Structure formats: C-alpha cells, structure tokens
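# please work out how this folds:
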Amino acid sequence: MTKPRILIVEDEEKLSRVLQLELEFENYETEIANNGKSALKLMEDKEWDLVLLDIMIPELSGLEVLRRVRRTDENTPVILLTARDAVHDKVSGLDLGANDYVTKPFQIEELLARIRAQLRKPVEVQQNKKVLSVGDLQVDINAHEVRRGNQEIELTPREYDLLVCLLQNKNIVLTRDQILEQVWGFDYFGETNVVDVYVRYLRQKVDKGYPQEYIQTVRGVGYTIKD
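Next up, the predicted model:
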C-alpha cells in the first residue's frame with residue numbers, strides 16, 4: 001500500500017523536524033520546504049496527498065503560496081500552521097482555499113487527527129444530481145459554476161462549498177455545528193462564528209439586490225435555503 005505523501009512547509013527547523021519524525025512514525029512519506037518559493041515549486045512539480053503550510057515563511061508567505069496553488073489545484077488538502085490567532089487571519093486563509101487551520105502551539109495528537117480527517121474525505125462528485133437549484137439560483141456541480149438568472153456569480157471555494165451544503169439540504173434547517181461538520185470537516189476545532197462570517201459573505205453575493213432572498217436565518221437554530 002502506498003504511503004500518503006505530506007509536504008511540510010515550515011521555516012522553523014526544529015519544528016519541521018519534529019513534524020517529520022512524528023508523521024513518518026505514523027507511516028506518512030514526507031518532504032520539507034523551508035521557504036515559500038521552494039514550497040511553491042514542490043507543490044507544482046509533485047503530487048501530494050496533503051500539505052502542512054505555515055503562513056509566516058520567508059520569500060513568499062504561506063497565504064501567497066496558497067493563493068497561487070489554488071489557481072490550478074483546488075483538491076489537495078491544505079492545513080495552515082500559524083502563530084496568528086486573529087479571526088480575520090483565519091478567515092483569510094480559509095477564504096483562499098485552505099481546508100483547515102491550526103494555531104501554534106498545538107498538540108501533535110490534534111494535528112494528526114486533523115490530518116486523518118482530511119485524508120479520509122472522498123472527492124465529492126454528484127453523479128445523479130448535477131445541478132442544484134432553488135428558484136433562479138443554480139449551481140452546476142460538474143462545471144463548478146453558480147448563476148442567479150443570467151448572472152454568473154464568482155464564489156471562493158469555501159463559499160461555494162457552503163452554498164452546495166445549503167442547497168443539498170434545501171428546506172432543512174442546519175445548525176452551525178452541522179454546517180461546520182459538512183463544510184469544514186468533522187474534526188474542525190475552531191469557533192462556530194466562522195459560519196456566520198461566511199453566510200454573510202455568501203448573502204452579499206447571491207441574495208443582495210434581488211427581490212427574493214433565499215438564505216434564511218432561523219434564530220437560535222441556524223440557517224436554511226427554502227423554496
């Protein structure tokens with residue numbers, strides 16, 4: 001059986017070595033990049049099952065590396081590692097397409113759990129229902145396109161996943177925890193207010209300026225999209 005391949009992007013030599021030893025003990029194959037430029041080259045030249053990406057790295061920041069990689073690769077799971085704990089930094093990373101976010105210092109057991117959660121997620125493909133819709137709002141799963149009427153709407157990867165989640169559960173009220181589990185992953189350990197932030201972003205793009213607003217808040221419970 002082929003070992004899962006993990007790229008460690010971390011400029012702190014001691015930490016990167018500890019991560020490498022722990023991951024190889026868990027039967028992962030690893031490689032280390034200690035700056036943004038070398039990380040970008042490795043991510044473009046080789047296939048990885050997962051990337052651990054520190055934000056504060058020299059030459060190119062982790063966020064810039066992520067932004068460039070996501071232009072051509074939307075599928076490789078990326079977990080951000082950083083000492084930054086501000087909500088806007090977390091949102092920036094997730095908004096650029098990160099799958100998860102770990103704040104230093106962290107327990108290795110927690111990081112390993114997050115890695116396992118990302119690696120066991122299947123690539124979701126809608127075989128039978130290729131278009132999700134409510135009223136004049138449509139999501140073409142295969143084309144990865146969102147339209148309201150004749151207007152194409154550009155969403156970030158996380159906003160897109162959130163919209164798909166709500167449409168797949170149309171007319172069902174989802175709690176914040178349920179949305180976190182379906183969109184961010186079962187082992188997400190962050191704050192639930194990130195859901196509120198992204199619902200607000202999504203509303204600005206798919207509901208604002210239209211006579212009918214599809215995304216509804218059920219006070220004290222969560223969110224839903226209704227016909």
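
# just the residues contacting the helix or strand containing L42, thanks.
Counting by DSSP states H and E, the element that carries L42 is helix 36-45. With CB atoms under 8 Å, 6 or more residues apart in numbering as the test, helix 36-45 has contacts from 7, 9, 31, 33, 48, 51, 53, 57-62, 64-65, 68-69, 72-73, 76. Every C-beta, even on glycine, is put in place using the N, C-alpha and C of the backbone.

# and what of stretch 198-211?
Residues outside stretch 198-211 that contact it (CB under 8 Å, 6+ apart): 95, 137, 146, 148, 153-156, 158-159, 162-163, 213-215, 217, 223.

# so how far is it from its chain's centroid?
Distance of stretch 198-211 from the chain centroid (CA atoms, centre = their mean, to the nearest Å) equals 20 Å.

# buried ones in it?
Applying a neighbour-count criterion of 16 or more other CB atoms under 10 Å, one finds 198-199, 201-203, 205-206 buried in stretch 198-211.

# over to stretch 79-98?
For stretch 79-98, by 16+ other CB under 10 Å, it's 79-82, 89-98.

# likewise for stretch 143-163?
146-148, 153, 155-163.

# ok, of those residues, which one's closest to L174?
L162 (10.2 Å; CB to CB).

# distance of that closest one relative to D100?
Distance, L162 to D100, using CB to CB, to the nearest Å: 15 Å.

# ok, now L166?
From L166 to D100 the distance is 21 Å (CB to CB).

# closest to E24 out of the buried residues of stretch 143-163?
Checking these one by one against E24 (CB to CB), the nearest turns out to be P157, at 29.8 Å.

# coming back round to it: using PDB, write out every CA atom in the helix holding L42.
Extracted C-alpha coordinates of helix 36-45, given in PDB (Å, rounded to 0.1, in the frame of the first residue of the first chain):
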ATOM      1  CA  GLY A  36       7.600  29.900   0.100                       C
ATOM      2  CA  LYS A  37       9.400  29.700  -3.300                       C
ATOM      3  CA  SER A  38      10.700  26.100  -2.700                       C
ATOM      4  CA  ALA A  39       7.200  25.100  -1.400                       C
ATOM      5  CA  LEU A  40       5.500  26.500  -4.500                       C
ATOM      6  CA  LYS A  41       7.900  24.600  -6.800                       C
ATOM      7  CA  LEU A  42       7.400  21.400  -4.900                       C
ATOM      8  CA  MET A  43       3.600  21.800  -4.900                       C
ATOM      9  CA  GLU A  44       3.600  22.500  -8.600                       C
ATOM     10  CA  ASP A  45       6.100  19.700  -9.600                       C
END
